[in-house]
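# Build me a model from this:
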Amino acid sequence: MSENKSTVERYIDAFNRADREQILACVTDDVVWDIPRTHLGSGRAVGKEAFVAEAGKAPAGTAITTTRMVEEGGVVVAEGAVTTRTPDGEPFRLIFCDVFIMRDTKISRLTSYLAQLE
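Okay, the predicted model is just below:
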């Protein structure tokens with residue numbers, strides 16, 4: 001497995017454990033996270049602290065499961081599912097496609113495409 005894919009796996013594992021320090025270790029200082037507009041909302045986080053704050057919005061128990069990961073030319077694309085809960089405790093499932101732009105084996109840009117499962 002490449003170093004870039006390993007970084008993405010470490011990031012996803014850290015996200016699932018809400019491990020702030022490990023998330024920070026996986027991203028560049030100037031990291032950008034974009035979530036394009038969908039019916040679920042949209043957002044942009046710029047910089048490490050904003051990135052971690054955005055990741056910290058996920059409710060406790062949120063779990064990301066990756067079904068496929070491919071890499072080409074410093075770009076890692078991960079597909080999978082997210083299980084979480086709504087603010088009132090109802091189960092909530094999403095599918096995702098995350099595009100990670102890597103620099104020196106760290107995440108420098110992440111674009112997350114999300115869709116709710118019925």
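# for the chain, which helix is longest?
Counting by DSSP state H, the longest helix found in the chain is helix 3-17.
# buried set for it?
Judged by neighbour count using 16 or more other C-beta atoms under 10 Å, the buried positions of helix 3-17 are 4-5, 7-12, 14-15. Backbone N, C-alpha and C define where each C-beta goes, glycine included.
# So V99: helix, strand or coil?
strand (DSSP: H, G, I helix; E, B strand; the rest coil).
# does the closest residue in space to it that isn't next to it in sequence belong to a helix or a strand, and which?
Ranked by C-beta to C-beta, 6 or more residues apart in numbering and with sequence neighbours excluded, the top spatial neighbour of V99 is T111, at 4.6 Å. Assigned by DSSP states H and E, T111 falls within strand 106-116.
# What helices and strands are in contact with that strand?
Strand 106-116 makes packing contacts with helix 3-17, strand 27-38, strand 91-103 when contacts are defined by 3 or more C-beta pairs under 8 Å, 6 or more residues apart in numbering; DSSP states H and E.
# As CSV, these with mean pLDDT and distance to G56 would be great.
Below are these laid out as CSV (pLDDT from 0 to 100; distance: least, C-beta to C-beta, whole Å):
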stretch, mean pLDDT, distance to G56
helix 3-17, 96, 10
strand 27-38, 90, 12
strand 91-103, 95, 17
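# TSV please, covering those and showing distance to M69.
Output for the helices and strands packed on strand 106-116, formatted as TSV (distance: least, C-beta to C-beta, whole Å):
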stretch	distance to M69
helix 3-17	6
strand 27-38	17
strand 91-103	9
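# Which of those sits closest to A55?
helix 3-17 (5.8 Å; C-beta to C-beta).
# Packing partners of that closest one?
helix 20-26, strand 63-72, strand 75-85, strand 91-103, strand 106-116.
# can you list contacts of the first one?
Looking back up the chat, that one is helix 20-26. Helix 20-26 is contacted by residues 7-8, 10-11, 13-15, 48, 51-52, 55-56, 106-107 when judged by C-beta atoms under 8 Å, 6 or more residues apart in numbering.
# Thank you kindly, that will do.
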